[in-house]
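okay, predicted coordinates and the sequence, questions at the end:
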Amino acid sequence: MAEPWTQRVSRPSGQAPRDEPPGASEELIAAARDIATAAGSLTLRWFGRRDLGVTWKRDGTEVTEADRAAERLVRDRISQQFPDDAIFGEEEGGSIRPDGRTWIVDPIDGTRGFVRGVPLYATLVALVDPYGPLVGVIDLPVLGQTLAAGRGTGCWLGDHRCSVSDHPDLSGALVNTSDYNTFERSQFEALRSGGAMMRTWGDAYGYFLVATGQAEAMIDPVCETWDLAPMPVIMAESGGQFTDVAGRPEYRNRNGVATNGRLHAAVLNALDARHRGDRGE
């Protein structure tokens, strides 16, 4: 039996400096937004086509010509504008620089849906520094919407400042997830018994809905660093909360939970239902 995803966590690597983290400049936020929207626009050349040049990676996920072209565009733009920064992307790899700035890129978040013509995929761009995520962008090319946040500057959808909902508890809350298949039955039942309405608006679109107040929670059971890197700053700047499933504010543990903050503890408690049952609680 596969190891439950609630156990696949690790301790955060490294410690952030203790002094006050610097805010994001408008120039950095604008650059990240422009880079993400340019890459997103490029993907539209392939969206809806059948000749996508789909191949399969070792992890069993699909990759297309659009993925590769969009990441190459992002890398070229970053290298031109910020030659001293590192780049870490889904398709071409790289590493996160602990003592400097790193751009983290997912050219098409939701490739499987993209291949099938589902219009909810996203281009993700994040900039992290030694303190953590500094800038995060979710670009939804088909929907024509771009969400951008910078540390200390708020979360913005165009000229509209975004905020999470003020829904107080699980009862009546809209909870999104990318994948039910990795849930233990007890976890699913704990969420349902709390009154949550479960939906599968997953991947970056699920986080978009939470940050804009249209949903209360997003649960990402199995994912990668590039899927999550923009989310901590987006959630913080929209008034919400982001952690891994163990409650740690870490985006590199291959799972994530984002909420409006008010029901974060309740969601984590529901996800811990299996382990509480094992303990006889």
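Sure, I can see it.

can you tell me the closest non-neighbouring residue to residue 42?
Spatial nearest neighbour of residue 42, chain neighbours left out: residue 70 (5.2 Å); criterion: C-beta to C-beta, 6 or more residues apart in numbering. C-beta here means a position set from N, CA and C on the backbone, and glycine is covered the same way.

please read the previous query as pertaining to residue 173.
Ranked by C-beta to C-beta, 6+ apart and with sequence neighbours excluded, the top spatial neighbour of residue 173 is residue 216, at 3.9 Å.

against residue 242, how distant is the one you found?
Distance, residue 216 to residue 242, using C-beta to C-beta, to the nearest Å: 14 Å.

coming back round to it: what's the burial count for the residue nearest to residue 173?
Using other C-beta atoms under 10 Å, residue 216 has 31 other residues around it.

from residue 195, how far out is it?
11 Å.

anything in contact with each of the two?
Counting by C-beta atoms under 8 Å, 6 or more residues apart in numbering, the contacts common to residue 216 and residue 195 are residue 173.

can you give me the domain boundaries for the chain?
The chain breaks down into these domains under automatic domain parsing: 26-161, 164-278.

winner for burial among the ones you listed?
Mean neighbour count (mean count of other C-beta atoms under 10 Å) peaks for domain 164-278 among the domains of the chain, with a mean of 21.

now render the domains of the chain as CSV, adding mean pLDDT.
Formatted as CSV, those follow (pLDDT from 0 to 100):
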stretch, mean pLDDT
domain 26-161, 94
domain 164-278, 90
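
export those domains to CSV and tack on distance to residue 19?
Listed next are the domains of the chain as CSV, based on distance: least, C-beta to C-beta, whole Å:
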stretch, distance to residue 19
domain 26-161, 9
domain 164-278, 18
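
in a strand, residue 139, correct?
Yes: checked against DSSP: H, G, I helix; E, B strand; the rest coil, residue 139 lies within a strand.

residue 20: which of the domains of the chain is closest?
Checking these against residue 20 by C-beta to C-beta gives domain 26-161 as the closest, at 9.0 Å.

off-centre distance for the closest one?
For domain 26-161, the separation from the chain centroid amounts to 11 Å (computed by C-alpha atoms, centre = their mean, to the nearest Å).

and what of stretch 206-220?
Using C-alpha atoms, centre = their mean, the offset of stretch 206-220 from its chain centre is 10 Å.

could you say which helix or strand holds the residue nearest to residue 42?
Using DSSP states H and E, residue 70 sits within helix 65-81.

quick check: next helix or strand after that helix?
Per DSSP H and E, the first helix or strand lying C-terminal to helix 65-81 is strand 86-89.

what is the subsequent helix or strand relative to that following strand?
strand 102-109.

what's next to the next helix or strand after that next one, contact-wise?
Under the assignment DSSP H and E, the closest C-terminal helix or strand after strand 102-109 is helix 111-115. Helix 111-115 is contacted from outside by 43, 47, 52, 54, 61-64, 66-67, 108, 120-121, 203, using C-beta under 8 Å, 6+ apart.

residue contacts, the residue nearest to residue 42?
39, 40, 42, 43, 107, 108, 123.

bridged to the last one, which residues?
Yep, that's residue 123 we're talking about. residue 139 (DSSP bridges).

that one contacts residue 34, correct?
No: applying C-beta atoms under 8 Å, one finds residue 123 not in contact with residue 34, separated by 11.7 Å.

give me the distance between the closest residue to residue 158 other than its chain neighbours and residue 118.
Leaving aside its chain neighbours, residue 158 sits nearest to residue 146 (7.4 Å; criterion: C-beta to C-beta, 6+ apart). Remark: distance between residue 146 and residue 118 (C-beta to C-beta) = 19 Å.

ok, now residue 164?
Distance, residue 164 to residue 118, by C-beta to C-beta: 25 Å.

what's the answer for residue 102, then?
On the measure of C-beta to C-beta, residue 102 and residue 118 end up 30 Å apart.

residue 237 too?
Distance, residue 237 to residue 118, by C-beta to C-beta: 28 Å.

swap in residue 72?
Going from residue 72 to residue 118 by C-beta to C-beta gives 23 Å.

what do you get for residue 31?
The value you get for residue 31 to residue 118, if C-beta to C-beta is used, is 29 Å.

ok, now residue 200?
Counting by C-beta to C-beta - residue 200 and residue 118 are separated by 11 Å.

overlap in contacts of these two?
Counting by C-beta under 8 Å, 6+ apart, nothing touches both residue 200 and residue 118.
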